[in-house]
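*Asks:* how does the following fold in three dimensions:
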Amino acid sequence: MKNSSLKITSAFIFILIIISLSYWYFFVRAPSTTIETSTDSQPGGFTPFGRTPSNSGGGAGSDTNNNGDVATSTIQNNQIKIPTLRLLSDTPVGGYGASTTMVAIIDPVISSSLPSTTTTATTTKPKTPTKPVPPKMKSVTIIRWVDRGRGNIYEARGDNLDIITLSNTVVPKIYESVWNKNLTAFIASTFSDENSSVEGIYAELRARIIPKVATSTTNSSSTTQDNSITTNTPTSLTPFELKGKNLPQNLVGYAVSPKKDRVFMFTNESGVGVGYTTTFDGKSITQIFTTPLTQVSVDWPEENTIAITTKGSSVERGYLYFVDLKTGVWRKIIGPLYGLSTKVSTDAKYVFISATGNAENVVASVYNVKDKKGTDAIIRTLADKCIWGNFYKEIVYCAVPSQPIKGAYPDDWYKGTLSTVDKIWQVNATTGEIKLVSSIVDTSDRVIDAFNLGLDEKDDFLIFMNKNDLSLWSLDLVANN
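*Replies:* Numbering: from 1, shown residues only. Okay, here's the model as predicted:
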């Protein structure tokens, strides 16, 4: 009896154990799921060779490919190759403007500082918000230009390859323009078919008012019909449109102030040259001087100085004058020199001079205004192909012919009977040092005869046009160095 009872008790205990294990396995133990993770998705940590860690939020991976001829820009963890020498516009350009601004760097890690919630199967508990992290800032160069044939306004940035159409207002035959500091307005020269003359205009980019599209939906018992009302608004509506007005007739030349908030205009009024300063919108005009000279080139290198150079010719003697804006007094700086062409530094302390040489060539020198002394520039090019630094005021950048070409300078180059194949050089007016910046003839897809050179405020980008086809280019001086 005892053995039988013991067997029954043991069997009962064994069955209880089996039932307990089964209950635990099927009802108590939580199911587990294995999630594979990649170390590439973890922000932070050691990233060798300067590689940017990818964001755990997904997206395409970052492929770093270092190249001496390109600058790279990281936008949302994608590496964008930006050529050091970049073609901005392949169609003819009617002038451009450049500006430097500070923009926020898009950093996915910053999003982790925003308030978030933690969701469980039973409750939703908000996390304690942390103090927002201020965005990192970077300096970006913005370039805007006007299409010579139609008048469209385009924009490019130094940190990406996008070309944005800002305005498609038709303003045909613009062949020259100067822009204000914010690149929201410009003064331009247009060619009139009516009287075959050059006219000046003021144009301003204004935000376009986007018309609202009214919609209505009619429901019936059997069908649902969409009765959306369509408008004749073009699908390629641009964010801005151009508004402006005509400037005084007989405009000979104009120049923008160093602060890019005013314009100097030189007009020919019944055979008399008259100089004015005005705000960009032309609402405040002040006459500065009158002169018997009418064929001149004008510049505004320094806040209180206007530079007046008589039009250069290989058979005419030329002069450079400085005009004091406060007093209107003229002062002769250089001359007489045959074929004179000048470019004044942005502090009016130096002048790059080119003149007609004795052997059907061009001679160039750097002139110290205070010492009244010129030194050989070593390079041989026209002052029309040079620009002084805005930040490094003692540095002048010039497009220099790779090989000297005989001709009557500057006449043959002005008329287009002579064209050059250029490289970019720089000259330090203080030390006399010269340096080859870029052999653009070797890195471009065409022959470049550079003119209308310009720099942004920090001298990060050199912008220029090609005289052969009027295309627009930029050279990244930082990446190039």
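*Asks:* and residue 319, what does it touch?
*Replies:* Residue 319 is in contact with 309, 310, 332, 334, 335, 336, 340, counting by C-beta atoms under 8 Å, 6 or more residues apart in numbering. Yep, even glycine has a C-beta here, placed from its N, CA and C like the rest.
*Asks:* got it, and residue 436?
*Replies:* Applying C-beta under 8 Å, 6+ apart, the residues contacting residue 436 are 423, 424, 425.
*Asks:* please apply the same query to residue 447.
*Replies:* When contacts are counted by C-beta under 8 Å, 6+ apart, residue 447 is found next to 419, 421, 441, 468.
*Asks:* 7 Å instead?
*Replies:* 421, 441, 468 (C-beta atoms under 7 Å, 6 or more residues apart in numbering).
*Asks:* tell me the one of the residues you listed nearest residue 159?
*Replies:* Among these, residue 441 lies closest to residue 159 (C-beta to C-beta), at 26.6 Å.
*Asks:* what about the closest one, is that helix, strand or coil?
*Replies:* Taken by DSSP: H, G, I helix; E, B strand; the rest coil, the conformation at residue 441 corresponds to helix.
*Asks:* ranges for the helices of the chain?
*Replies:* Here the chain has its helices, by DSSP state H, at 2-23, 411-415, 440-443, 477-480.
*Asks:* average model confidence for the second one?
*Replies:* What it means is helix 411-415. Across helix 411-415, the average pLDDT comes to 95.
*Asks:* show me which residues of it are buried.
*Replies:* Along helix 411-415, the positions that meet the burial threshold by neighbour count (16 or more other C-beta atoms under 10 Å) are 411, 412, 413, 414.
*Asks:* those residues into a markdown table, with extra columns for distance to residue 274?
*Replies:* Formatted as a markdown table, the entries for these read as follows, by distance: C-beta to C-beta, whole Å:
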| residue | distance to residue 274 |
| --- | --- |
| 411 | 27 |
| 412 | 32 |
| 413 | 29 |
| 414 | 25 |
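*Asks:* hmm, residue 157 is touching residue 144, no?
*Replies:* No. Under the criterion of C-beta atoms under 7 Å, residue 157 makes no contact with residue 144, lying 10.2 Å away.
*Asks:* closest to residue 84 among the buried residues of helix 411-415?
*Replies:* residue 413 (26.8 Å).
*Asks:* now that closest one. Nearest residue, chain neighbours left out?
*Replies:* If the residues on either side of it in the chain are set aside, residue 413 comes closest to residue 382, at 6.3 Å by C-beta to C-beta, 6 or more residues apart in numbering.
*Asks:* please apply the same query to residue 469.
*Replies:* Once its chain neighbours are removed from consideration, residue 469 has its nearest residue in residue 92; the separation is 7.0 Å (C-beta to C-beta, 6+ apart).
*Asks:* near that neighbour, how many other residues are there?
*Replies:* A count of nearby residues for residue 92, using other C-beta atoms under 10 Å, gives 16.
*Asks:* phi, psi of it?
*Replies:* Residue 92 has phi and psi values of phi -60, psi 140 when expressed as degrees, to the nearest 10.
*Asks:* ok, it - contacts?
*Replies:* Contacts for residue 92 were tallied using C-beta under 7 Å, 6+ apart; they are 148, 149, 470.
*Asks:* list buried members of these by neighbour count.
*Replies:* Of all the contacts of residue 92 considered here, the ones buried according to neighbour count by 16+ other C-beta under 10 Å are 148, 470.
*Asks:* for the contacts of residue 92, which one is nearest residue 367?
*Replies:* So of those, ranked by how close each gets to residue 367 (C-beta to C-beta), first place is residue 470, at 30.7 Å.
*Asks:* okay, the closest residue to the closest one other than its chain neighbours and residue 166: tell me how far apart.
*Replies:* Excluding its sequence neighbours, the residue lying closest to residue 470 (C-beta to C-beta, 6+ apart) is residue 92, at 3.6 Å. Here the criterion is C-beta to C-beta, to the nearest Å. By it, residue 92 lies 18 Å from residue 166.
*Asks:* give me the low-pLDDT residue ranges for the chain?
*Replies:* Residue ranges of the chain with pLDDT under 70: 1-12, 16, 19-79, 106-129, 194-196, 211-236.
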